[in-house]
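Trainee: quick one: sequence plus predicted model below, questions after.
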Amino acid sequence: MSKAIITFVKNPVPGTVKTRLAKTIGNDRALEIYLQLSAYTKRIIKAVDADVVIFYAADIQENDLWTDDDFIKKLQYGDDLGARMQHAFEGLLADYDKVLIVGSDCPQLTEDHLNVAFDSLDETDIVVGPTYDGGYYMIGMKEVHSFLFQDIAWSTDAVFSTTLERIFANNRTVTQLEKLSDVDVEDDLKYIDWL
């Protein structure tokens, strides 16, 4: 079966990445951490047997961290995060059997998490990896489920619970992965033992 991993990235400009983190540690340090987390994510997802598609928030960068020979590059499209994710899934599920979207700020993510996520889609409709702050670091599916992307209060502690409610309300099956930490605020830096 053909598989793809989506990662959304922001163009690395001080003041535009990790803005909640930057409020306490400054724009330059937040950018440095963002780039380190991106490099970590790149290493993990590149180790999995799947195509990787990088969706840029602004201009597509050539031969940046995400080298042109190794990654497919596209632009994000949509009014909010949900619309952008739905658009990305719609585009890729036209060509792939299984698609995951993975955050680029999860320092505990491993290759095993991704492989388990893909394997779980043999048995269930949707796979989700929750974060301790109430969001998720990964969601995957075999067909587009638009109810997962519309009218969600993004960047709140209700994202994961709302997602589960939607899945069950629409009579879909789900595999929940291990809960991990992502990096949004300064306190989250304690989860990065390799910084």
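Mentor: All right, it came through fine.
Trainee: quick one: the strands in this structure, in order.
Mentor: With DSSP state E, the ranges of strands along the chain come out as 3-9, 51-56, 72-75, 98-102, 126-130, 136-141, 174-176.
Trainee: quick one: contacts of the first one?
Mentor: For strand 3-9, contacts defined as C-beta atoms under 8 Å, 6 or more residues apart in numbering pick out 38, 41, 45, 48-57, 66, 76, 84-85, 88-89, 92, 95-104, 114, 118. Any C-beta I mention is one placed from the backbone N, CA and C, and that applies to glycine too.
Trainee: if we can go back for a sec, quick one: the strands of the chain as TSV, columns for distance to Gly15, mean neighbour count and mean pLDDT too.
Mentor: Listed next are the strands of the chain as TSV, based on distance: least, C-beta to C-beta, whole Å; neighbours: other C-beta atoms under 10 Å; pLDDT from 0 to 100:
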stretch	distance to Gly15	mean neighbour count	mean pLDDT
strand 3-9	16	22	97
strand 51-56	17	20	97
strand 72-75	21	15	97
strand 98-102	25	25	98
strand 126-130	29	24	98
strand 136-141	24	24	98
strand 174-176	35	17	98
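Trainee: just want the angle from the longest helix along the chain to strand 51-56.
Mentor: Counting residues, the longest helix found in the chain (DSSP state H) is helix 27-46. Put simply, helix 27-46 runs at 160 degrees to strand 51-56, going by axes from the mean of the first three to the mean of the last three C-alpha atoms, to 10 degrees.
Trainee: helix 27-46 - contacts with which helices or strands?
Mentor: Where contact means 3 or more C-beta pairs under 8 Å, 6 or more residues apart in numbering; DSSP states H and E, helix 27-46 is packed against strand 3-9, helix 19-25, helix 111-120.
Trainee: lowest-confidence helix or strand of this structure?
Mentor: Lowest on mean pLDDT, DSSP states H and E among the helices and strands of the chain sits helix 19-25, with a mean of 90.
Trainee: what's the distance between stretch 88-106 and the middle of its chain?
Mentor: Chain-centre distance of stretch 88-106: 9 Å, with C-alpha atoms, centre = their mean, to the nearest Å.
Trainee: again with stretch 49-66
Mentor: Taking C-alpha atoms, centre = their mean, one finds the center of stretch 49-66 at 13 Å from the center of the full chain.
Trainee: just the endpoints, please. Distance across it?
Mentor: 17 Å (C-alpha to C-alpha, to the nearest Å).
Trainee: again with stretch 5-23
Mentor: Start-to-end, stretch 5-23 (C-alpha to C-alpha) is 30 Å.
Trainee: got the buried residues for it?
Mentor: By neighbour count on 16 or more other C-beta atoms under 10 Å, the buried set for stretch 5-23 is 5-10, 16-18, 21-22.
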